[in-house]
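Novice: Prediction below, plus the sequence it came from.
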Amino acid sequence: MLQTGSSETSCNLRHALLDDKLSYMFTVEALSVPLNKAPINPVTVPTELFRVLRRNQGLSSLIVAETNMPPDPPFSEFLIQPNQFFDVSALVRTIANWARGFNRGASLLGLEDLRPFGGEHDAISTQAAEIAPLEILQALTEEQMDEVGSDVQGGYPFLTIELTSDAALQIVGHNNFWNNYVIQFSAYGAALLGYSNLLENNVLSYTGDVHGNAVPGGWVDNDAGKTILVGNIISEVRAKATHPIYQSADQRVKIAVQSHLPIVSNMSVIDEVETVDRTICEKYFENKLETSILFNDSGAYESATMKTTLYSGQFAFIKKSDLHTEWMKLMTALDLRFFRFYIYITYRVWDTTKNRFRLSEKLLDIPETKYWGMTLRFVSEV
């Protein structure tokens, strides 16, 4: 069966398909599905994952005007758009590009006056606000950042985005970044990228202790105004997510086909809600990751490559060459002429009221010019 532009397909045969004197089993022998409208993140509006705030030392973190980047430039926030990403690698690449854009944007502004950032806010002069390990950075021009071989090519190295060998996202911040900025995540962004357990009131920050070690959090005092404290970071800090990004960033769970064929209705429990399940096949989005690490003859690390399945475009979830183990019992073959099938996709969607993911099933959106195809195979038990 082939169906264009709809998640439902049906047919009404002139004659009965099967011998009503026999018992039958059946399986979905092939299933090809268009994923053109099945992005990894089912957002319907531009959605912010995180933004950079000023570490305006000595002032209140509760006042938005004292922490937002002036004049609230677009390069300070990272948003995802509807139907933007269809694989996790594209999301990571876009975050890395955002970091490079932040470096350029922040370099154009410079850190010539540290008083609105990590320096003493009430210092009598810009020089008086430069207390070690703080460093005044002159504003750069586009020409300086575009000069090949320059020490400031691409801007000051505030931020870099990396993936570890286990595919966990890693935000590498220069000490000039952590001393003057923090990163504020939305609850959804923190859960999606794996930073929920590293945040203090949804903020990723690092503060130097008396021994010069960078410890997460501790960027505000425990007073009524939540006064911002000095950073005192002396070297770069790597903020590694707590789990692989492939585990959480792809919110797609499975593709399922449901039918009106005479089969035993199963009970399904999803997030403590009991429903009737008439699924005849389901295939999961398996984010299997293969990492290859290359070392040179002396044992030093050189590079790493990662391979995973790309669920995009027209994707064959079931092939005829596959071994079929999912067989369904047909209750009766009597006068079986009408067939109707629906194709569904299940997502983990973010519940803003409970700050957690929940499972949600909906009909798969099939573009008008795309099709999904399915082959059924009936086998007599005799």
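Specialist: Yep, it's here.
Novice: where does the stretch 51-200 of the chain dip in pLDDT?
Specialist: Counting by pLDDT under 70, not a single residue of the stretch 51-200 of the chain qualifies.
Novice: Which stretches in it count as helices?
Specialist: If DSSP state H, counting those that start in this stretch is used as the criterion, the helices of the stretch 51-200 of the chain fall at 88-109, 142-146, 175-180, 187-193.
Novice: I would like the residues contacting the first one, please.
Specialist: So the one you mean is helix 88-109. Applying CB atoms under 8 Å, 6 or more residues apart in numbering, the contact partners of helix 88-109 are 40-41, 52, 73, 75-76, 78, 80, 84-85, 137, 139-142, 145, 152, 154-161, 163, 169, 245-246, 249-250, 287, 306, 308. Every C-beta, even on glycine, is put in place using the N, C-alpha and C of the backbone.
Novice: Those residues in strands, which ones?
Specialist: Among those, the members found in strands (DSSP state E) are 52, 78, 80, 159, 160, 161, 163, 169, 306, 308.
Novice: Closest to residue 333 out of these?
Specialist: residue 308 (42.2 Å; CB to CB).
Novice: Quick check: bridge partners of that closest one?
Specialist: residue 289 (DSSP bridges).
Novice: before we move on, what about the one 10 residues further on?
Specialist: Taking DSSP bridges, one obtains residue 31 as the residues bridged to residue 318.
Novice: Might one say that it is in contact with residue 30?
Specialist: Yes - the pair residue 318 and residue 30 qualifies as a contact (CB atoms under 8 Å) at a distance of 5.5 Å.
Novice: Alpha carbons of stretch 142-152, in CSV - could you do that?
Specialist: Written as CSV, here are the backbone C-alpha positions of stretch 142-152 (Å, rounded to 0.1, in the frame of the first residue of the first chain):
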residue,chain,number,x,y,z
GLU,A,142,35.9,43.3,11.7
GLU,A,143,39.2,43.9,9.8
GLN,A,144,41.2,42.8,12.8
MET,A,145,39.2,39.6,13.3
ASP,A,146,39.3,38.7,9.6
GLU,A,147,43.1,39.2,9.3
VAL,A,148,44.6,35.7,8.6
GLY,A,149,47.3,34.7,11.1
SER,A,150,46.3,37.4,13.6
ASP,A,151,46.3,36.6,17.3
VAL,A,152,42.7,37.7,17.4
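Novice: Check which residues of it are buried.
Specialist: Residues of stretch 142-152 classed as buried by neighbour count (16 or more other CB atoms under 10 Å): 144, 145, 152.
Novice: that older thread, just so I know, which of the helices of the stretch 51-200 of the chain lies nearest residue 373?
Specialist: In terms of CB to CB, the element of the helices of the stretch 51-200 of the chain nearest to residue 373 is helix 88-109, at 26.4 Å.
Novice: angle of that closest one against strand 159-163?
Specialist: 170 degrees (axes from the mean of the first three to the mean of the last three CA atoms, to 10 degrees).
Novice: Please renumber the chain so that the first residue is 46 from this point on.
Specialist: In the new count, where the first residue is 46, that last one comes out as helix 133-154.
Novice: distance between helix 133-154 and the chain's centre?
Specialist: 16 Å (CA atoms, centre = their mean, to the nearest Å).
Novice: can you check stretch 158-168 too?
Specialist: 35 Å.
Novice: Name the residues of that stretch that come out as buried.
Specialist: Buried-residue list, stretch 158-168, by 16+ other CB under 10 Å: 159, 160, 161, 162, 163, 164, 165, 166, 168.
Novice: Next: stretch 325-343.
Specialist: Buried positions in stretch 325-343, judged by neighbour count with 16+ other CB under 10 Å: 325, 326, 327, 328, 330, 332.
Novice: what about the fourth one, which helix or strand?
Specialist: When elements are assigned from DSSP states H and E, residue 328 belongs to strand 324-329.
Novice: And for stretch 313-327, what's in contact with it?
Specialist: 71-73, 76, 299-306, 308, 310-312, 363, 371, 373, 386, 403-404, 406.
Novice: Of these, which belong to helices?
Specialist: Judged by DSSP state H, helices contain none of those.
Novice: Any of the residues you listed buried? List them.
Specialist: 71-73, 76, 299-304, 306, 308, 363, 373, 386, 406.
Novice: which one among these gets closest to residue 109?
Specialist: residue 406 (38.3 Å).
Novice: which residues does that closest one contact?
Specialist: Here residue 406 is in contact with 301, 315, 389, 390, 391 (CB under 8 Å, 6+ apart).
Novice: Most neighbours of all the residues you listed, which one?
Specialist: Among the contacts of residue 406, residue 390 has the most neighbours (other CB atoms under 10 Å), with 22 neighbours.
Novice: now that one: how far from residue 261?
Specialist: Computed as CB to CB, to the nearest Å, the residue 390 to residue 261 distance reads 37 Å.
Novice: With residue 230 instead?
Specialist: 13 Å.
Novice: do residue 277 as well
Specialist: Here residue 277 is placed at a distance of 14 Å from residue 261 (CB to CB).
Novice: More neighbours: which of the two?
Specialist: Neighbours were counted for residue 277 and for residue 261 using other CB under 10 Å; residue 277 has more, 20 against 15.
Novice: which non-adjacent residue is nearest that one?
Specialist: residue 253 (3.4 Å; CB to CB, 6 or more residues apart in numbering).
Novice: What's opposite that neighbour in the beta bridge?
Specialist: Note on residue 253: beta-bridge partners by DSSP bridges are residue 259.
Novice: what residues are up against it?
Specialist: Taking CB under 8 Å, 6+ apart, one finds 259, 260, 276, 277, 278, 279 in contact with residue 253.
Novice: partners of the longest strand along the chain in the sheet?
Specialist: In terms of residue count, the longest strand belonging to the chain (DSSP E) is strand 383-396. Partner strands and pairing direction for strand 383-396 (DSSP bridges) are strand 53-57 (antiparallel), strand 297-304 (antiparallel), strand 401-408 (antiparallel).
Novice: quick one, that strand and strand 324-329 angle?
Specialist: Between strand 383-396 and strand 324-329, the angle comes out at 40 degrees (the same axes, to 10 degrees).
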